[in-house]
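1. Below are the sequence and a predicted model for it; my questions follow.
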Amino acid sequence: MAIHTKRDAFARVLSFAFSRWRRQPGRLAATVALVLLATAADVAIPVATGWLVGAVAEPAGSPWRALALLLALGALSIGARIGSYFVIIDFTLATMRETIAEVFARVQRLPTGWHANAFAGATVRRITRGAWALDDLADLLFLELGPAVVVLIGTVATLAAFRPEAGLLALLGASLFIAVSLSMTLAWVAPAARLANAQDSRISGAIADAVTSNAVVKAHASEGREDVRLARITDKWSARSRRTWRRGTATGLAQDTVLWALRAAVLGAALLAWSRGLAGPGEVAFAVSALGMLHGYLRQIGSQVRMLQKAVNDAEEMVDIMDVAPEAPVARTPARALPRCAAALAFEHVGYGYDGAPSPLFSNLHVGVPAGQKVGLVGRSGSGKTTFVKLIQRIHEVTEGRITLGGVDIASVRLDDLRRHVALVPQEPILFHRSLAENIGYARPDAGMDAVREAARRAGAHGFIERLPKGYGTEVGERGVKLSGGERQRVAIARAFLSDAPVLVMDEATSSLDSEAEARVAEAAERLMEGRTTLVIAHRLATVERMDRILVFDRGRIVEDGPPAELMARDGGLYRALRDRQTLAA
Ligand SMILES: Nc1ncnc2c1ncn2[C@@H]1O[C@H](COP(=O)(O)OP(=O)(O)OP(=O)(O)O)[C@@H](O)[C@H]1O
């Protein structure tokens, strides 16, 4: 995650919000204009009231015109205010809709490493809380704080016109008040709120993590342990929130203290002037009423500044997401199209290491796979097989050398093109909580039901799907929990059939299926491999024996390379040792 200083949250969040608000200039201008109109009417109402009272006081005066004006101003104030609410409803909803879409689009495109470190639940919370904070932010700035500041400036200006020294005093007082409010909020409350919000996201992350793994929790009868674990996280959240809220309250106290100090200074000065005969009762009354007005506006602004801080902090973690760079769609220019037939694969002097690893996993890895060859990748756990296939999909980017498909450097190919070229059948297929038809069709959204059925047939999945009460319309549960392991694998194979990619990467399941299920999966896999360049991270002897060629990995190096029978015949070879122990990825 991008690291930011605590104080720049306001600048970052406000510039994020304004850049989205600017996309609706008409609604923005209408909101501001209507709010200003309503505010102007509000300010004029006491003036019209004054006329009315003045007219009544005069023996021959007629108050009716003043009354008509007063009613017209009242209607204008209500009409303009309600109008601004109607406009801001559409303005805010459009902003929230666009922001959610934009952040979701970014989250989907963030690198695998980011997702590996993020809790899904926390990400959801960051986005939803942030979107709602944008709603608060718009209401506060345009409907409340903005008009209040305008009125304050107007009041100070009126005071200054009437009594320059009173205007100066009001200006100094208001400036002191706003300076105290902003500095305490920015430097003291906001950093605490940032930590509280991070913990708030952790609560969502922890709940989602435990709920997602509920089967494991049940299997270990560890519900109580999970309760305690969550309580630890909420305890910390509560401590951090208490600190934030107390700081907010203390800021309110400081604001009130400044207001009362201002009141004491002004009244003290007025009374001193009166006691020396420099001011009459009229002047003292003026000072009292002007102060009362100022006090009201400043209090309002003070509480709005505190709400503004909350909205900014609530949006902050969402804005952070937008600062993380997405996967590069094309790492090196110019982008090239991958020919459909590009199925020969080559690693040319490839180097790659994970961040933080003491030494690179691969260095100078050099190996070619001709089109259509079936290659088994074997080796001990952690020897680099998974990383090898991830580099082909550009889940990680090589740091040295290059990988080519059909002679084209994959770094110069658009990511979506590359990934459509490589079908993946993972070890633990993950399905969407959607219908089976949607899950299989995911590989090719334009495929019709006939193509989906055909793919399922070839994957040996059609039979079990047809037997389900809702057939292809059956929803499979989150991540596919309602299907058996073998069924999930056949759905993943059906997906790969449908995508019809020239390169196939399979990570064979290590968990044992019963022999019948295993035979079905193996048959389907065999059919899928036909005519494709295939890389199988292989764990089963039967699979390995059917391969054209085996690459044996050991600590990031390919130590043996050849047909299975030839490797088996090598005395003292690693493949043979692994086979003798019957564990190909121990
Ligand atoms: N995301 C990651 N971040 C840091 N190190 C990683 C990451 N993924 C893998 N590694 C490390 O890289 C090395 C190679 O891992 P890799 O997953 O490629 O091995 P593997 O041969 O596929 O193992 P297995 O058969 O157990 O799946 C291991 O030491 C592993 O700990």
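-> Alright, I've got the coordinates.

2. got the phi/psi numbers for residue 413?
-> phi -100, psi 140 (degrees, to the nearest 10).

3. Tell me how far residue 55 lies from residue 285.
-> 22 Å (CB to CB, to the nearest Å). In this view, the C-beta of every residue, glycine as well, is placed from N, C-alpha and C.

4. Of these two, which one has the most company?
-> Remark: of residue 55 and residue 285, residue 55 carries more neighbours, 16 against 11, as counted by other CB atoms under 10 Å.

5. what are the phi and psi angles of the more buried one?
-> According to degrees, to the nearest 10, residue 55 has phi -60, psi -40.

6. So for it, what's the pLDDT?
-> We have a pLDDT of 86 for residue 55.

7. Over to residue 511?
-> 59.

8. do the one 5 residues further on as well
-> Among the per-residue scores, residue 516 shows a pLDDT of 71.

9. Assign a three-state SS to it, would you?
-> helix (DSSP: H, G, I helix; E, B strand; the rest coil).

10. Residue 317 versus that one, what's the distance?
-> Distance from residue 516 to residue 317, by CB to CB: 49 Å.

11. mind listing what residue 377 touches?
-> With contact taken as CB atoms under 8 Å, 6 or more residues apart in numbering, residue 377 is in contact with 385, 388, 389, 535, 536, 537, 538, 550, 551, 553.

12. does it have beta-bridge partners, and which?
-> For residue 377, the beta-bridge partners are residue 537, residue 551 (DSSP bridges).

13. Give me the pLDDT for it.
-> 95.

14. for the ligand, what are the nearby residues on the protein?
-> Contacts of the chain with the ligand, taken as CB under 6 Å from any ligand atom, map to 116, 354, 357, 361, 379, 381-387, 553, 585.

15. before we move on, which element is the residue in the stretch 101-250 of the chain that the ligand sits nearest to in?
-> Of the stretch 101-250 of the chain, the residue with the smallest distance to the ligand, taken as CB to the nearest ligand atom, is residue 116 at 5.8 Å. Assessed by DSSP states H and E, residue 116 sits inside helix 112-117.

16. Can you give me the buried ones in that helix?
-> For helix 112-117, the neighbour count (16 or more other CB atoms under 10 Å) marks residue 114 as buried.

17. Can you give the distance of that helix from its chain's centre?
-> Distance of helix 112-117 from the chain centroid (CA atoms, centre = their mean, to the nearest Å) equals 13 Å.

18. can you check stretch 22-41 too?
-> 30 Å.

19. burial count for the closest residue to the ligand within the stretch 401-550 of the chain?
-> Using CB to the nearest ligand atom, the closest approach of the stretch 401-550 of the chain to the ligand is made by residue 537 at 6.4 Å. For residue 537, the count of nearby residues is 23 (other CB under 10 Å).

20. can you pull the contacts of it?
-> 377, 378, 385, 386, 389, 427, 506, 507, 508, 585.

21. which stretches of this structure aren't confidently modelled?
-> 1-7, 329-335, 340-341, 510-514, 582-586 (pLDDT under 70).

22. Packing partners of the helix or strand hosting residue 128?
-> Per DSSP H and E, residue 128 falls inside helix 120-138. On a contact count with 3 or more CB pairs under 8 Å, 6 or more residues apart in numbering; DSSP states H and E, helix 120-138 meets helix 9-21, helix 64-109, helix 190-212, helix 281-322.

23. Quick one: these as TSV, columns for distance to residue 491 too.
-> Conversion of the helices and strands packed on helix 120-138 to TSV gives the following (distance: least, CB to CB, whole Å):
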stretch	distance to residue 491
helix 9-21	39
helix 64-109	22
helix 190-212	20
helix 281-322	31
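
24. Nearest approach to residue 524 belongs to which of the ones you listed?
-> helix 190-212 (28.1 Å; CB to CB).

25. Determine the set of other helices and strands touching that closest one.
-> helix 9-21, helix 120-138, helix 223-275, helix 281-322.

26. mind giving me the domain split of the protein?
-> With domains defined by automatic domain parsing, the chain comprises 6-322, 345-352+361-580.

27. for those, which one ends up most surrounded?
-> Mean neighbours per residue, mean count of other CB atoms under 10 Å, is largest over the domains of the chain for domain 345-352+361-580, with a mean of 18.

28. Run the chain-centre distance for that domain.
-> Chain-centre distance of domain 345-352+361-580: 30 Å, with CA atoms, centre = their mean.

29. Quick one: end-to-end length of it, please.
-> One end of domain 345-352+361-580 to the other measures 30 Å (CA to CA, to the nearest Å).

30. Could you do stretch 372-387 as well?
-> 21 Å.

31. got a list of contacts for stretch 134-147?
-> Residues contacting stretch 134-147 (CB under 8 Å, 6+ apart): 13-14, 17, 20-21, 31-32, 35-36, 38-39, 84-85, 88, 91-92, 95-96, 99, 300-301, 304-305, 307-308, 310-312, 314-315.

32. can you rerun that using 7 Å?
-> 17, 31-32, 35, 39, 84, 88, 91-92, 95-96, 99, 301, 304, 307-308, 311, 315 (CB atoms under 7 Å, 6 or more residues apart in numbering).

33. Could you identify the helix or strand that succeeds the helix holding residue 128?
-> helix 146-162.

34. Off-centre distance for the helix or strand following that next one?
-> As assigned by DSSP H and E, the chain's next helix or strand after helix 146-162 is helix 164-184. Going by CA atoms, centre = their mean, the spacing between the C-alpha centre of helix 164-184 and its chain's C-alpha centre is 39 Å.

35. Also stretch 283-299?
-> 46 Å.

36. now do stretch 339-354
-> Stretch 339-354 sits 32 Å away from the centroid of its parent chain (CA atoms, centre = their mean).
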